[in-house]
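A.B. asks: No letters, just coordinates:
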């Protein structure tokens with residue numbers, strides 16, 4: 001087989017007690033050709049077990065038509081709008097940020113296929129939002145101008161001090177101390193304003209891949225460094241994927257080129273496989289015999305699949 005890629009998948013945790021359909025999945029792309037293995041998580045029911053907070057970017061308009069004035073202000077609003085959504089976790093891992101664009105894309109493609117299967121099993125999931133947060137800009141000392149200008153005034157601690165005192169979830173623990181009313185971005189120092197929704201240079205390539213998948217930024221930012229949160233309704237992510245249950249059959253040895261890439265999901269084996277194949281005239285997906293063996297496919301068995 002040529003151009004074959006295998007991603008291992010496991011369900012990591014039992015569904016959240018507050019949302020029976022919320023589950024946690026882990027995707028692992030093996031190392032290869034000098035590239036390290038990559039990891040990506042899918043966490044359902046975000047914020048249901050422990051409250052999560054983000055900054056929502058809104059707009060307030062001030063207008064005086066009789067004077068010909070119309071001025072818009074960006075407003076920062078603390079909230080938990082993404083509670084219950086599905087989060088792409090592990091996006092800030094150094095190995096994933098440094099990976100080649102093709103490997104980043106493949107891992108995200110696999111994650112979206114898995115999300116499609118989950119929605120196929122539970123159609124109510126189509127109404128959920130999918131999101132992932134990327135690291136934002138920091139200064140040469142690794143400090144966040146945004147937190148220094150906003151959160152630190154109310155929490156009284158730097159991120160390092162808060163992490164040491166409160167642990168990994170310090171930002172959400174301190175969030176209730178921040179203003180509950182909208183804050184005009186223009187009131188913050190210029191340095192803080194400049195970093196809002198800006199991605200760290202190391203994450204720029206992954207940001208592009210998220211946009212290509214249909215996950216846009218601009219509505220929410222991280223509470224600490226104002227890094228962008230990429231998000232999209234799950235239904236819109238799946239709309240252009242062409243995923244469906246397809247019956248599989250062996251690719252004839254004399255199959256004419258060109259072939260195209262296809263993803264298939266084998267829940268029983270916990271593997272997502274990308275292989276070269278083609279759709280037959282009867283709608284069956286034809287894959288090399290080696291790919292069928294990896295999937296554990298029986299004669300004419302149906303698998304969740306999509307072009308890729």
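C.D. replies: Yep, that arrived. For clarity, every value in this text was computed on a predicted model and none was experimentally measured.

A.B. asks: Tell me which stretches of the stretch 151-300 of the chain form strands.
C.D. replies: For the stretch 151-300 of the chain, the strands defined by DSSP state E, counting those that start in this stretch cover 183-184, 216-221, 228-233, 244-250, 260-266, 271-279, 285-287.

A.B. asks: The second one pairs with which strands?
C.D. replies: Read it as strand 216-221. Using DSSP bridges, the strands paired with strand 216-221 are strand 54-64 (antiparallel), strand 228-233 (antiparallel).

A.B. asks: Lowest average confidence across those, which one?
C.D. replies: Lowest mean pLDDT within these: strand 54-64, at a mean of 93.

A.B. asks: Can you tell me what sits against it?
C.D. replies: By Cβ atoms under 8 Å, 6 or more residues apart in numbering, the residues outside strand 54-64 that reach it are 69-82, 182, 184, 196-197, 218-223, 226, 229. For every residue, glycine as well, the C-beta is placed using N, CA and C.

A.B. asks: Just those residues: which are in helices?
C.D. replies: Among the contacts of strand 54-64, no residue falls in helices (DSSP state H).

A.B. asks: Can you flag the buried ones in those residues?
C.D. replies: By neighbour count, with 16 or more other Cβ atoms under 10 Å, those hold 74-78, 81-82, 196-197, 219-223, 226, 229 as buried.

A.B. asks: Rebuild the strands of the stretch 151-300 of the chain as CSV, extending it with distance to residue 108.
C.D. replies: Below are those laid out as CSV (distance: least, Cβ to Cβ, whole Å):
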stretch, distance to residue 108
strand 183-184, 33
strand 216-221, 14
strand 228-233, 11
strand 244-250, 20
strand 260-266, 11
strand 271-279, 12
strand 285-287, 22
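
A.B. asks: now, the most widely separated pair of the buried ones among the contacts of strand 54-64?
C.D. replies: Across the buried ones among the contacts of strand 54-64, no pair lies farther apart than 74 and 82, at 19.1 Å, counting by Cβ to Cβ.

A.B. asks: one step back: of the strands of the stretch 151-300 of the chain, which approaches residue 126 most closely?
C.D. replies: Here strand 228-233 is closest among the strands of the stretch 151-300 of the chain (Cβ to Cβ), at 8.1 Å.

A.B. asks: list the buried ones in that closest one?
C.D. replies: 228-232.

A.B. asks: between the residues you listed, which is nearest residue 259?
C.D. replies: For the buried residues of strand 228-233, the nearest to residue 259 is residue 232 (29.9 Å; Cβ to Cβ).

A.B. asks: Tell me if I'm right that the closest one and residue 214 touch.
C.D. replies: Yes: counting by Cβ atoms under 8 Å, residue 232 touches residue 214, with 5.0 Å between them.

A.B. asks: Return the set of buried residues in the longest helix along the chain.
C.D. replies: Of all segments of type helix in the chain, defined using DSSP H, the longest is helix 101-121. Across helix 101-121, burial judged by 16+ other Cβ under 10 Å covers 103-119.

A.B. asks: what angle separates the next helix or strand after it from strand 228-233?
C.D. replies: Next in sequence after helix 101-121, counting helices and strands by DSSP states H and E, comes strand 129-133. On the basis of axes from the mean of the first three to the mean of the last three Cα atoms, to 10 degrees, strand 129-133 is oriented at 170 degrees to strand 228-233.

A.B. asks: Contact partners for residue 151?
C.D. replies: 171, 174, 178, 223-224.

A.B. asks: switch the cut-off to 7 Å
C.D. replies: By Cβ atoms under 7 Å, 6 or more residues apart in numbering, the contact set of residue 151 is 174, 178, 223-224.

A.B. asks: which among those residues gets closest to residue 139?
C.D. replies: residue 224 (13.3 Å).

A.B. asks: Domain ranges for the protein, per the record?
C.D. replies: Domain assignment for the chain by automatic domain parsing gives 14-239, 244-307.

A.B. asks: what distance separates the shortest one from the centre of its chain?
C.D. replies: Computed by Cα atoms, centre = their mean, to the nearest Å, the chain-centroid distance of domain 244-307 equals 26 Å.
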